[in-house]
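Trainee: predicted model follows, preceded by the sequence.
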Amino acid sequence: SSLARLQPLRWEVAAHGSSARERALAWLRQYHYLGCNRPVGAHLIYLVRDAQQREVAVHLIGAAAWHCAARDGYIGWSAAACQAGLHRIANHSRFLVLPWVEVADLAGHLLVGLTSRVSADWRAQHGWSLELLETYVEAGRFAGTVYQAAHWQEVGQTTGRARQEKKHRAQGPPKSVWVYGLEPGFR
């Protein structure tokens, strides 16, 4: 199909206890290569439907990584500034276009839609606005082309440490770090 034939897309914030949330999490568990356990902490889940109410995509936005040298260096943060401002950053931790949906330019369109609404939705859900989104793209698996097309900026690579790893050991493949400023003065 074409992107025009799917319009207008309907974005639903999948609230706790809703059937939309259960469906979105089920899609992530079944079709996202990282799967998805129960999200914890501050987060938003979007279930996106097309004009015919068919589910086409899922976004999961969650807490930012505590430390990311590439991101923190790009922003120009000291450790104290990072600690004070980290709540203004969120992580685009899962992005799934359902595997049977084959529509040119849909992924880029979905990223643009996300960046235009996530700060207001986050404020409505959690009480504060976001200023920056981050995401991590597994370099050996993906090139990050859709993020580049949606005007995200690649700012470096991770070392392969897991989010909660405390002993500074690589536990997975390095990832490219991409960011998108939601506010002009986010730094």
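Mentor: The structure has been received and is ready for your questions.

Trainee: pLDDT below threshold where in the chain?
Mentor: 160-171 (pLDDT under 70).

Trainee: which helix in it has the most residues?
Mentor: Taking DSSP state H as the criterion, the chain has its longest helix at helix 106-126.

Trainee: just checking, what packs against it?
Mentor: Helix 106-126 is packed against helix 3-6, strand 10-13, strand 44-49, strand 55-63, strand 89-97, strand 132-138, helix 145-149, with contacts defined by 3 or more CB pairs under 8 Å, 6 or more residues apart in numbering; DSSP states H and E. Placement of C-beta: from N, CA and C, glycine included.

Trainee: can you give me the end-to-end span of stretch 23-42?
Mentor: End-to-end distance of stretch 23-42 (CA to CA, to the nearest Å): 19 Å.

Trainee: got the buried residues for it?
Mentor: Arg23, Ala24, Leu25, Trp27, Leu28, Cys36, Pro39, Ala42 (16 or more other CB atoms under 10 Å).

Trainee: could you check how many residues crowd around Ile45?
Mentor: Counted with other CB atoms under 10 Å, the neighbours of Ile45 add up to 24.

Trainee: same check on the one 5 residues further on?
Mentor: One way to gauge burial is a neighbour count; for Asp50, by other CB under 10 Å, it gives 20.

Trainee: which of the buried residues of stretch 23-42 fall within helices?
Mentor: Among the buried residues of stretch 23-42, the members found in helices (DSSP H) are Arg23, Ala24, Leu25, Trp27, Leu28.

Trainee: shouldn't the fourth one be in contact with Val97?
Mentor: No. At 10.2 Å, Trp27 and Val97 do not qualify as touching, with contact defined as CB atoms under 8 Å.

Trainee: rewinding a little: right, and the helices and strands packed on helix 106-126 - which one's nearest Arg117?
Mentor: Across these, Arg117 has its closest neighbour in strand 10-13 (6.6 Å, CB to CB).
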